[in-house]
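[1] predicted model and sequence follow; I will ask about them next.
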Amino acid sequence: MDDIQQEKIISLIKDGDLSRLIPTLEGVLQKQEEQLTSTTDPTILLQTAIQAMQLDVLDYLLTLFFAQEGGKPKEGHLRLLGRVVILEALDRDRVPVFELLCRHDPALQTMYVGHTGPPLAWAAKFENLALVSFLLARGVEPNKTQIDHRPAVSIVAGWGSCAVMELLLDHGAVVSGTDALFNAAFQRRIDMLALLLETRKAADINSIQPDRSSTWLSGRGTRKWFAC
């Protein structure tokens with residue numbers, strides 16, 4: 001696909017003009033196949049559809065570029081999408097996009113997307129309430145979700161929102177046995193402590209404990225921070 005063809009196709013994607021996009025794009029792909037030239041990388045096309053919130057176009061592109069088996073999506077096949085495309089879909093205003101991706105491949109719901117973790121980790125960390133709600137409603141397990149390799153409730157308690165914590169608790173998140181209370185206390189999160197200890201009674205004040213596995217809570221550092 002040369003620059004002129006790509007520019008035309010991107011314009012059609014932005015406009016959501018499937019009636020012109022389909023013959024144009026498939027004509028280019030057919031010509032590439034006949035001439036045995038390099039295949040088209042769909043990344044920029046998918047990103048364009050996501051950014052423009054053209055869901056019908058995105059649906060078409062996913063079907064066109066990714067393998068199907070017996071008319072049904074092959075589990076895990078959208079792992080080939082690449083991190084950059086998936087992160088586009090995790091944006092706060094693009095929950096319908098992520099819902100569409102999950103219809104094509106439910107495995108995306110728990111796929112790790114970088115060191116932050118799976119989609120629920122990204123949604124909780126960046127307070128994307130709509131996406132948190134969607135993923136929890138789809139059965140994603142909050143107690144098996146880690147944010148930056150730590151329990152989701154621990155990170156949310158210290159640095160997240162009470163609204164996100166409420167959603168996690170509503171879907172069975174367990175605070176006991178984690179350092180969630182310690183993080184909330186250390187960060188002076190009075191609102192979070194009130195939620196966990198009083199409103200939801202999700203933990204006992206006497207159970208406040210640091211995560212002993214964290215390197216920054218070892219030796220003299222531990223004593224120093226407990227004295228704060």
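    All right, it came through fine.
[2] show me where the chain dips below the pLDDT cut-off.
    36-39, 67-77, 79-80, 206-207, 209-228 (pLDDT under 70).
[3] ok, now with 50
    Applying pLDDT under 50 to the chain flags residues 214-228.
[4] mind listing the strands for it?
    68-69, 72-73, 146-147, 150-151 (DSSP state E).
[5] which parts of this structure belong to which domain?
    What automatic domain parsing lists as the domains of the chain is 1-81, 112-228.
[6] how about these in JSON lines, adding distance to Glu88 and mean neighbour count?
    Any C-beta I mention is one placed from the backbone N, CA and C, and that applies to glycine too. Output for these, formatted as JSON lines (distance: least, CB to CB, whole Å; neighbours: other CB atoms under 10 Å):
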{"stretch": "domain 1-81", "distance to Glu88": "5", "mean neighbour count": "15"}
{"stretch": "domain 112-228", "distance to Glu88": "11", "mean neighbour count": "18"}
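[7] settle this for me: Val84 is touching Leu46, isn't it.
    No: using CB atoms under 8 Å, Val84 is not in contact with Leu46; the gap is 9.4 Å.
[8] show me where this structure has helices.
    3-15, 18-35, 43-51, 55-65, 83-89, 95-104, 119-125, 129-137, 152-159, 162-170, 180-186, 190-193, 220-226 (DSSP state H).
[9] follow-up on the earlier one: could you redo the domains of the chain as TSV and give each row distance to Cys102?
    Formatted as TSV, these follow (distance: least, CB to CB, whole Å):
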stretch	distance to Cys102
domain 1-81	9
domain 112-228	7
